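Colleague: show me the folded form of this:
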Amino acid sequence: MERIILDVDSAGDDILAVLFAAASPNVKLEAVTTVTGAAGPIEQVTNVVLNTLTLADRDDIPVHAGAWRPIVGHAKADMEAPVHFEKRLTARFGERLKKFNPPAPAPKRQATPGHAVDFIIDTVMANPGEITLVTTGPLTNAAMAFLQEPRLAGALKRLLVLGGTFQTPGNMTPVTEYNIWADPEASRIVLNAEVDKILVPLDICEDNRVATSMLTRDDIADMQAVAKDNPVLDMIAEVFPIYIDIWREFFGLVGFPLDDVITVALAFDPGLATLTEPLFVDVLTEGHVARGQTVAYRGFQILPGGGPKTTRIGTDLDGRRFLNIFKDTIARYERTVR
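Modeller: Numbers count the residues shown, from 1 in each chain. Modelled structure (predicted):
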């Protein structure tokens, strides 16, 4: 069983990743830590996680709030781009958009005392070689942890990072993916760290080459057909059709990509993906279009450069097997089963 700390920014697929990790028989979810990102301010991000764990009947899992802003960030207009995108969505989908990243109601419990960065450091250092850190949002918490505790890289079992893109067009600029783009300085610190890493880029999540891994309305209907009393599936069926429609219409995908869930699944079943040999991966921190671009050092170059070859990059995914694992895990929330 994989002992995991899951670091999230509580966008739609983060919610599914929390539910997946909390119910997976292959995961011991040590805690969820939160970071400001796609879902908005840290309070919103943290409340979404708390409410999600209550729905999962897993209020025993600690939730630690973390960084409320990136290390450097971008120009104000660029940081507000997702807000303007949401206005475009409102114009297209109207009232239906109320189910897309709505303000979180007040949770039944409060976040666990202690900053996320301190929890990551304390837990990993107390359990050397046993904890896998899985990040599915901006890398601010992870970077701060590496900066505060230089021995952390040597104590982690493994690090899984959802972020970057290589062949698939980016979702922020043509060459950048949101999680890396949101805090390029933090991303560079983390990807340069000498710890065994799996990088999960858009290439194996948000590309129709891996369409069999995406959630569709048919998948939800199939799950409902065999369910009797599953409150988690009821929530998915109510909330996630709008996500499916947005990703189909605006991003040209056949369904809603489960990026964050894929990243968690690879923590205990890396054989789901085709991975490169260990490479050095760097992040560009300058330029408007290129700031936040991930660069993999392959082959041979005349100019000097490079760093620790500790990152294996996902290049393909067994989407059908992954989606079956996801469906089976969500089925574990059936009240007649648990």
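Colleague: residues touching the residue positioned nearest the centre of the chain, list them.
Modeller: With distances taken as C-alpha atoms, centre = their mean, Thr136 lies nearest the centre of the chain, 2.1 Å away. In this structure, Thr136 makes contact with 6-9, 13-14, 17, 162, 179, 259-260, 263-264, judged by C-beta atoms under 8 Å, 6 or more residues apart in numbering. C-beta coordinates here come from the backbone N, C-alpha and C atoms, glycine included.
Colleague: could these be laid out in a markdown table, adding pLDDT?
Modeller: Shown next, in a markdown table, are those (pLDDT from 0 to 100):
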| residue | pLDDT |
| --- | --- |
| Leu6 | 98 |
| Asp7 | 98 |
| Val8 | 97 |
| Asp9 | 92 |
| Asp13 | 87 |
| Asp14 | 92 |
| Ala17 | 97 |
| Leu162 | 98 |
| Asn179 | 95 |
| Asp259 | 97 |
| Asp260 | 97 |
| Thr263 | 98 |
| Val264 | 98 |
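Colleague: redo the residues you listed as JSON lines? Include distance to Asp222 and secondary structure.
Modeller: Shown next, in JSON lines, are the contacts of Thr136 (distance: C-beta to C-beta, whole Å; DSSP: H, G, I helix; E, B strand; the rest coil):
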{"residue": "Leu6", "distance to Asp222": "27", "secondary structure": "strand"}
{"residue": "Asp7", "distance to Asp222": "31", "secondary structure": "strand"}
{"residue": "Val8", "distance to Asp222": "27", "secondary structure": "strand"}
{"residue": "Asp9", "distance to Asp222": "29", "secondary structure": "coil"}
{"residue": "Asp13", "distance to Asp222": "19", "secondary structure": "helix"}
{"residue": "Asp14", "distance to Asp222": "23", "secondary structure": "helix"}
{"residue": "Ala17", "distance to Asp222": "21", "secondary structure": "helix"}
{"residue": "Leu162", "distance to Asp222": "26", "secondary structure": "strand"}
{"residue": "Asn179", "distance to Asp222": "30", "secondary structure": "helix"}
{"residue": "Asp259", "distance to Asp222": "21", "secondary structure": "helix"}
{"residue": "Asp260", "distance to Asp222": "21", "secondary structure": "helix"}
{"residue": "Thr263", "distance to Asp222": "24", "secondary structure": "helix"}
{"residue": "Val264", "distance to Asp222": "22", "secondary structure": "helix"}
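Colleague: which of the residues you listed sits closest to Ser24?
Modeller: Val264 (7.5 Å; C-beta to C-beta).
Colleague: mind listing what that closest one touches?
Modeller: 4, 6, 17, 20-21, 24, 27, 134, 136, 160 are the contacts of Val264 under C-beta under 8 Å, 6+ apart.
Colleague: with Gly307 instead?
Modeller: By C-beta under 8 Å, 6+ apart, the contact set of Gly307 is 192, 280, 282, 297.
Colleague: of these, which belong to strands?
Modeller: Those of those mapping onto strands are 280, 282, 297, per DSSP state E.
Colleague: can you flag the buried ones in those residues?
Modeller: Buried by 16 or more other C-beta atoms under 10 Å: 280, 282, out of the ones in strands among the contacts of Gly307.
Colleague: please, which helix or strand holds Glu286?
Modeller: Assigned by DSSP states H and E, Glu286 belongs to no helix or strand.
Colleague: neighbours around it, how many?
Modeller: For Glu286, the neighbour count with other C-beta atoms under 10 Å is 7.
Colleague: and it, how far is that from Phe166?
Modeller: Distance, Glu286 to Phe166, by C-beta to C-beta, to the nearest Å: 19 Å.
Colleague: returning to that earlier point: nearest spatial neighbour of the residue nearest to the centre of the chain, skipping sequence neighbours?
Modeller: Computed as C-beta to C-beta, 6 or more residues apart in numbering, the closest residue to Thr136 that is not its neighbour in sequence is Asp260, at 4.0 Å.
Colleague: let me see the ranges of the strands in the stretch 201-338 of the chain.
Modeller: Ranges of strands in the stretch 201-338 of the chain, per DSSP state E, counting those that start in this stretch, are 273-275, 280-283, 294-297, 311-317.
Colleague: which one of those lies nearest to Met144?
Modeller: strand 280-283 (16.0 Å).
Colleague: off-centre distance for that closest one?
Modeller: 19 Å (C-alpha atoms, centre = their mean, to the nearest Å).
Colleague: neighbouring strands of that strand in the sheet, and parallel or not?
Modeller: Applying DSSP bridges to the sheet, strand 280-283 is found paired with strand 294-297 (antiparallel).
Colleague: pull the distance from stretch 104-122 to the chain's centre.
Modeller: Chain-centre distance of stretch 104-122: 18 Å, with C-alpha atoms, centre = their mean.
Colleague: what do you get for stretch 114-131?
Modeller: For stretch 114-131, the distance to the chain centre is 19 Å (C-alpha atoms, centre = their mean).
Colleague: redo the strands of the stretch 201-338 of the chain as TSV? Include mean pLDDT and distance to Asp219.
Modeller: Shown next, in TSV, are the strands of the stretch 201-338 of the chain (pLDDT from 0 to 100; distance: least, C-beta to C-beta, whole Å):
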stretch	mean pLDDT	distance to Asp219
strand 273-275	98	20
strand 280-283	97	32
strand 294-297	96	30
strand 311-317	98	16
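Colleague: for Val239, find the nearest of those strands.
Modeller: Across the strands of the stretch 201-338 of the chain, Val239 has its closest neighbour in strand 311-317 (24.4 Å, C-beta to C-beta).
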